[in-house]
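Participant: Quick one, what's the 3D model for this:
(one chain, ligands or ions: 1)
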Amino acid sequence: MTDAIAVPGRFYDGQSARAHRVVLSVRDGHACLEGEAQRCVPLAQVRVSERTARAPRKLTFADEACFEPDERAAMESLLHATGHRDGSVVRLQQSWRAVSIALAALVLVLATGYLYVLPAGAAWIARALPLSVERQLGQGVLDVLDRHAFRPTRLPAARRTALAQAFARLAPPRDGAPPYRLLFRQSRIGPNAFALPSGDIVLTDELVTLLEDDQAILATLAHELGHLHERHMTRRLIQGSVVTAVGTLVFGDATSLLAGLPALALDLRYSRDAEQEADDYAAAMLRQNGIGLAHLERLFAALQELEEKDGAPPPYLSSHPPSAERLARLRRQLD
Ligand SMILES: [Zn+2]
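Facilitator: Alright, predicted model coming up:
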């Protein structure tokens with residue numbers, strides 16, 4: 001074929017570390033070495049290493065002996081002259097354009113999955129999830145909180161019963177409201193209320209004391225019942241695990257998946273959409289039972305006051321949109 005190009009380099013016989021000075025050329029479909037080592041083998045029996053940005057390409061023979069060219073350019077022209085072609089993956093990898101398109105496509109697929117498929121999928125899984133699994137999820141979170149953040153409630157039993165009965169008398173704004181259990185706890189993390197997948201709605205003594213207005217407390221509970229009814233927490237836990245699971249697939253690190261689960265369960269934050277859904281649910285529930293929305297306003301206003309007083313927001317507030325925003329939204333609905 002061609003004998004025009006000769007490429008100087010080193011030959012390693014695969015047995016010893018010694019480099020033999022040789023010259024590579026291609027003749028009649030054979031790769032031939034001459035110099036301190038001699039061999040001539042059909043091109044089909046020689047592997048050419050993939051092209052990379054810097055390293056010159058090597059030839060590897062069937063017996064794992066190999067040839068390393070002294071310089072990259074001479075080797076490339078030899079390969080070019082003999083019509084060597086890279087596999088399509090290698091050729092694609094050479095092209096930054098192709099790489100960026102592939103990356104953009106991956107990001108698009110992940111983003112679409114995250115924004116649309118995941119929430120819908122999580123909502124579907126949450127609905128399909130047996131109640132027993134949700135109970136376990138919720139019980140696990142409650143156990144951790146009881147150990148680390150809560151003490152037994154100090155509210156008088158009569159006060160607790162009165163609040164529980166008042167809330168039980170309210171009709172939910174639509175059918176299918178889940179069964180719930182109202183729990184009171186004294187908290188090291190200040191005024192707080194949240195709903196666990198098990199159906200437990202936890203109300204801290206501090207929030208009861210802060211609000212004073214019983215109807216505003218009922219509004220808080222209605223908000224939490226909304227989270228339960230929409231299964232926000234279960235959806236969030238599922239979404240969080242799926243995101244981590246996909247991350248594990250893409251980045252190949254499973255430790256983050258395992259390490260992330262407990263933290264995820266304790267991060268009681270919902271999306272802004274979920275919070276608005278729960279606020280709307282609370283508003284609808286108050287209306288349904290003839291309670292003025294002024295009480296919901298009072299809840300938001302009390303929280304806003306707390307935000308302004310404390311500088312750093314207490315946990316309940318950092319897990320919710322700013323009260324001013326919720327207040328403004330409610331007032332827009334009232335107009
Ligand atoms: Zn909420």
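
Participant: Going by C-alpha atoms from here, please, whenever you check contacts or count neighbours.
Facilitator: Noted.

Participant: quick one: the helices in the stretch 1-150 of the chain?
Facilitator: In the stretch 1-150 of the chain, the segments counted as helices under DSSP state H, counting those that start in this stretch are 72-81, 88-94, 96-112, 118-128, 131-148.

Participant: If I average pLDDT within each of those helices, which one is lowest?
Facilitator: Ranked by mean pLDDT, the helices of the stretch 1-150 of the chain end with helix 88-94 in last place, scoring a mean of 60.

Participant: C-terminal to the helix or strand of the chain with the lowest mean pLDDT, what's the next element?
Facilitator: In the chain, the helix or strand scored least confidently by mean pLDDT, DSSP states H and E is helix 255-266, which has a mean of 49. Towards the C-terminus, the helix or strand next in line after helix 255-266, according to DSSP states H and E, is helix 272-288.

Participant: In the next helix or strand after that next one, which residues are buried?
Facilitator: Per DSSP H and E, helix 272-288 leads on to helix 294-310 as the next helix or strand towards the C-terminus. Taking 16 or more other Cα atoms under 10 Å as the basis for neighbour counts, the residues of helix 294-310 that come out buried are 294-304, 306-307.

Participant: So which of those is the closest to G35?
Facilitator: Minimum separation from G35 among these (Cα to Cα) is found for E307, which lies at 82.9 Å.

Participant: Please report the distance of that closest one from A222.
Facilitator: Remark: distance between E307 and A222 (Cα to Cα, to the nearest Å) = 22 Å.

Participant: got it, and L330?
Facilitator: In this structure, L330 and A222 are separated by 15 Å, where distance is defined by Cα to Cα.

Participant: Compare those two and say which is more crowded by neighbours.
Facilitator: For L330 versus A222, neighbours defined as other Cα atoms under 10 Å are more numerous around A222 (26 against 20).

Participant: tell me the pLDDT at the more buried one?
Facilitator: Model confidence at A222, expressed as pLDDT, equals 95.

Participant: Which neighbouring elements make contact with the helix or strand containing it?
Facilitator: Assignment of secondary structure by DSSP H and E places A222 within helix 214-229. The criterion is 3 or more Cα pairs under 8 Å, 6 or more residues apart in numbering; DSSP states H and E, and the helices and strands that helix 214-229 contacts are helix 157-169, strand 193-195, strand 200-204, helix 272-288, helix 294-310.

Participant: if you set the cut-off to 7 Å instead, what comes out?
Facilitator: strand 193-195, helix 272-288, helix 294-310 (3 or more Cα pairs under 7 Å, 6 or more residues apart in numbering; DSSP states H and E).

Participant: what's the closest non-adjacent residue to K58?
Facilitator: Leaving aside its chain neighbours, K58 sits nearest to E68 (4.9 Å; criterion: Cα to Cα, 6 or more residues apart in numbering).

Participant: Tell me the bridge partners for that neighbour.
Facilitator: Here E68 sits in beta bridges with R10, going by DSSP bridges.

Participant: mind listing what it touches?
Facilitator: Residues near E68 by Cα atoms under 7 Å, 6 or more residues apart in numbering: G9, R10, F11, K58, L59.

Participant: Tabulate the buried residues of helix 294-310 (a markdown table), appending pLDDT.
Facilitator: Output for the buried residues of helix 294-310, formatted as a markdown table (pLDDT from 0 to 100):
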| residue | pLDDT |
| --- | --- |
| A294 | 87 |
| H295 | 88 |
| L296 | 87 |
| E297 | 86 |
| R298 | 85 |
| L299 | 85 |
| F300 | 84 |
| A301 | 84 |
| A302 | 83 |
| L303 | 80 |
| Q304 | 78 |
| L306 | 77 |
| E307 | 72 |
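
Participant: farthest pair in these?
Facilitator: Top of the distance list for those (Cα to Cα): A294 and E307, 19.6 Å.

Participant: Can you give me the buried ones in stretch 324-335?
Facilitator: Buried, per 16+ other Cα under 10 Å, within stretch 324-335: R326, L327, L330.

Participant: Doesn't the last one lie inside a helix?
Facilitator: Yes: when the secondary structure is assigned by DSSP: H, G, I helix; E, B strand; the rest coil, L330 falls within a helix.

Participant: now it, nearest residue through space, not along the chain?
Facilitator: For L330, the nearest residue in space outside its immediate sequence neighbours is E297; the separation is 7.4 Å by Cα to Cα, 6+ apart.

Participant: ok, the one you found to E224 distance?
Facilitator: Between E297 and E224 the distance, using Cα to Cα, works out to 16 Å.

Participant: ok, now A301?
Facilitator: As defined by Cα to Cα, A301 lies at a distance of 18 Å from E224.

Participant: Domain map for this protein?
Facilitator: Structural domains of the chain, as assigned by the TED database, span the residue ranges 6-85, 95-128, 130-334.

Participant: what's the neighbour count on the closest residue to M285 other than its chain neighbours?
Facilitator: In space, and not counting its chain neighbours, M285 is closest to P173: 4.7 Å by Cα to Cα, 6+ apart. Other residues within reach of P173, judged by other Cα under 10 Å, total 18.

Participant: Ok, the one 5 residues further on next?
Facilitator: For P178, the count of nearby residues is 15 (other Cα under 10 Å).
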